[in-house]
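Participant: sequence plus predicted model, see below.
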Amino acid sequence: MTMPNQKVSVSLPEAILRFIEHYRTAKGCESRSQVIEEALSLLRERELETAYLESSLEIDEAWDVVIADGLADETW
């Protein structure tokens, strides 16, 4: 289920606008909005990757001992 789009106004430097327009025509995007949406999706993905990496570093190696404490595979 897709959410309805909301209209916003953004001020960008001329060089960024030229890049957006160039990318739009080169990649066949329908609009500047599509280019910006794709860019923000990539940014969000990068942030999620960083968050997952940071959380994986928090794993306590001692936890493996605790989760197997006295239980055999047959118990499950």
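Facilitator: That came in fine, so what should we check first?

Participant: only C-alpha atoms from now on, for both contacts and neighbour counts.
Facilitator: OK.

Participant: helices along this structure, start to end?
Facilitator: In the chain, the helices defined using DSSP state H lie at 14-27, 32-56, 63-67.

Participant: show me what the first one is packed against.
Facilitator: Secondary-structure packing of helix 14-27 (3 or more Cα pairs under 8 Å, 6 or more residues apart in numbering; DSSP states H and E): helix 32-56.

Participant: quick one: distance of the helix it packs on to the chain centre.
Facilitator: 3 Å (Cα atoms, centre = their mean, to the nearest Å).

Participant: for residue 36, give its distance to residue 56.
Facilitator: For residue 36, the distance to residue 56 equals 30 Å [Cα to Cα, to the nearest Å].

Participant: quick one, which of the two is more surrounded?
Facilitator: residue 36 (13 against 10; other Cα atoms under 10 Å).

Participant: quick one, what contacts the more buried one?
Facilitator: residue 20 (Cα atoms under 8 Å, 6 or more residues apart in numbering).

Participant: how near is residue 47 to residue 10?
Facilitator: Distance, residue 47 to residue 10, using Cα to Cα: 22 Å.

Participant: repeat for residue 50
Facilitator: Using Cα to Cα, which is the criterion applied here, residue 50 is 27 Å from residue 10.

Participant: okay, these two: which has more neighbours?
Facilitator: Taking neighbours as other Cα under 10 Å, residue 50 and residue 10 compare with residue 50 leading, 12 against 5.

Participant: flag the shaky bits of this structure, pLDDT-wise.
Facilitator: Applying pLDDT under 70 to the chain flags residues 59-76.

Participant: residue closest to the middle of it?
Facilitator: The chain has residue 45 as the residue nearest its centroid, 1.6 Å off, counting by Cα atoms, centre = their mean.

Participant: what is the burial count for residue 25?
Facilitator: Quick note: residue 25 (other Cα under 10 Å) scores 12 neighbours.

Participant: that one and residue 37, how far apart?
Facilitator: 15 Å.

Participant: what of residue 29?
Facilitator: Taking Cα to Cα, one finds residue 29 at 11 Å from residue 37.

Participant: cool, residue 47 as well?
Facilitator: Residue 47 is 15 Å from residue 37, by Cα to Cα.

Participant: repeat for residue 30
Facilitator: Counting by Cα to Cα, the gap from residue 30 to residue 37 is 11 Å.
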